[in-house]
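Novice: Build me a model from this:
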Amino acid sequence: MDEWHDFLLAAAGAATVLAGLVFVGLSINLEMIMSNPTYGLSGRALEALVLLMAVLVVSCLLLVPAQGMVLAGVEVLTVGVVDWATIVAIHLRQLKNWRWLEPALRWNYVGRVVLGQVAT
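Specialist: As a prediction, this is how the structure comes out:
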């Protein structure tokens, strides 16, 4: 894992900065995001934070010295499963608002689900 040290440091730093920027953007626009829950903007924001935090957690876990490949694999698999389950839960929560969504937003939702599954 020593060969990956610099890459993992860069990934952890980038994920931290991007998660911070998303958090600041959310706090600035919180009123607009929460104004209409049927659009699912809060779910989209949470998806972005969850995906970035997963990158950060995996990068930090893999930077732990003197761990075997099996343990590293179990850590990555565990974070991946938790990340995937969280994204699916967010999508299922938004699916409850399906009949109140405008037709154009339905296609956006389908694209969001597909990209969310690919990202995890």
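Novice: Can you give me the buried ones in the helix ranked longest in the chain?
Specialist: With secondary structure taken from DSSP state H, the chain has its longest helix at helix 69-95. Within helix 69-95, the residues that count as buried by 16 or more other C-beta atoms under 10 Å are 72, 75, 79, 83-84, 86-87, 90-91, 94. Every C-beta, even on glycine, is put in place using the N, C-alpha and C of the backbone.
Novice: Redo the residues you listed as CSV? Include pLDDT and distance to residue 45.
Specialist: Below are the buried residues of helix 69-95 laid out as CSV (pLDDT from 0 to 100; distance: C-beta to C-beta, whole Å):
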residue, pLDDT, distance to residue 45
72, 90, 30
75, 94, 26
79, 95, 20
83, 94, 16
84, 94, 18
86, 93, 13
87, 92, 13
90, 88, 10
91, 85, 14
94, 80, 12
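Novice: Could you work out the most separated pair of the residues you listed?
Specialist: Pairwise distances across the buried residues of helix 69-95 (C-beta to C-beta) peak at 33.3 Å, for the pair 72 and 94.
Novice: now the longest helix of the chain, how far from the centre of its chain.
Specialist: Helix 69-95 sits 10 Å away from the centroid of its parent chain (C-alpha atoms, centre = their mean, to the nearest Å).
Novice: show me where pLDDT drops low in the chain?
Specialist: Filtered on pLDDT under 70, the chain yields the residue ranges 1, 36-40, 100.
Novice: the helices in it, which residues?
Specialist: Under DSSP H, the chain gives helices at 5-28, 30-35, 41-62, 69-95, 103-119.
Novice: Out of these, which is the most enclosed?
Specialist: helix 41-62 (a mean of 19; mean count of other C-beta atoms under 10 Å).
Novice: Would you mind getting the angle between it and helix 103-119?
Specialist: Calculated by axes from the mean of the first three to the mean of the last three C-alpha atoms, to 10 degrees, helix 41-62 forms an angle of 10 degrees with helix 103-119.
Novice: between helix 41-62 and helix 69-95, how big is the angle?
Specialist: Put simply, helix 41-62 runs at 180 degrees to helix 69-95, going by the same axes, to 10 degrees.
Novice: could you check the angle helix 5-28 makes with helix 41-62?
Specialist: When the same axes, to 10 degrees is applied, the directions of helix 41-62 and helix 5-28 differ by 160 degrees.
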